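[1] got a sequence here, can you build the structure:
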Amino acid sequence: MSLEFSGEIWQWRGPAPYYFVTVPAQECEVIKATAKLASYGWGMIPVKVRIGKTEWQTSLFPKEGRYLIPLKGLVRKAEGLEEGNTVTVRLEVHIRRSGKSK
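    You can find the predicted model right below:
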């Protein structure tokens, strides 16, 4: 399943700061509909993400009924991104087939 949307980069300022993009509510509902076929545990959902020319594998984090996309430092550096930037995200959710993830 592939989705495309825009979102703002924000920083979680914990002991180890990290950056995220929150998946919009409408797209979260689509993901939730297939979550049982995609999740490998703890509600984590494996995905392939593309922002600009950079593509990587990660997992969506469930939080308060939504999903968060973690942005690695290498991704932010490659695309010249920082907190507050709005980005277009292309997201491919990995659906398991016969107990295996795609």
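
[2] now do the strands in the protein.
    All strands of the chain, identified by DSSP state E, fall at 2-12, 18-22, 45-51, 54-63, 66-71, 86-93, 96-97, 100-101.

[3] give the pairing partners of the first one; include direction for each.
    When pairing is defined by DSSP bridges, strand 2-12 lines up against strand 18-22 (antiparallel), strand 86-93 (antiparallel).

[4] now render those strands as a markdown table, adding mean neighbour count and distance to Val30.
    Glycine gets a C-beta too; all of them are placed from N, C-alpha and C. Listed next are those as a markdown table, based on neighbours: other Cβ atoms under 10 Å; distance: least, Cβ to Cβ, whole Å:
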| stretch | mean neighbour count | distance to Val30 |
| --- | --- | --- |
| strand 18-22 | 19 | 15 |
| strand 86-93 | 17 | 9 |
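
[5] adding mean pLDDT and distance to Ser59, write those out as CSV.
    Formatted as CSV, those follow (pLDDT from 0 to 100; distance: least, Cβ to Cβ, whole Å):
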stretch, mean pLDDT, distance to Ser59
strand 18-22, 96, 12
strand 86-93, 96, 10
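
[6] closest one to Leu68 among the ones you listed?
    When the strands paired with strand 2-12 are compared by Cβ to Cβ, strand 18-22 sits nearest Leu68, at 4.4 Å.

[7] which one of the strands paired with strand 2-12 lies closest to Thr54?
    Of the strands paired with strand 2-12, nearest to Thr54 by Cβ to Cβ is strand 86-93, at 10.3 Å.

[8] pull the residues that contact the closest one.
    Residues from elsewhere that reach strand 86-93 (Cβ atoms under 8 Å, 6 or more residues apart in numbering): 1-9, 21, 23, 27, 31, 34, 38, 45-52, 60, 69, 79, 81.

[9] now for the strands paired with strand 2-12, which one comes closest to Leu74?
    Of all the strands paired with strand 2-12, strand 18-22 comes closest under Cβ to Cβ, at 11.6 Å.

[10] coming back round to it: looking at the strands of the chain, which one has the lowest mean pLDDT?
    Looking over the strands of the chain, mean pLDDT reaches its minimum on strand 100-101, with a mean of 46.
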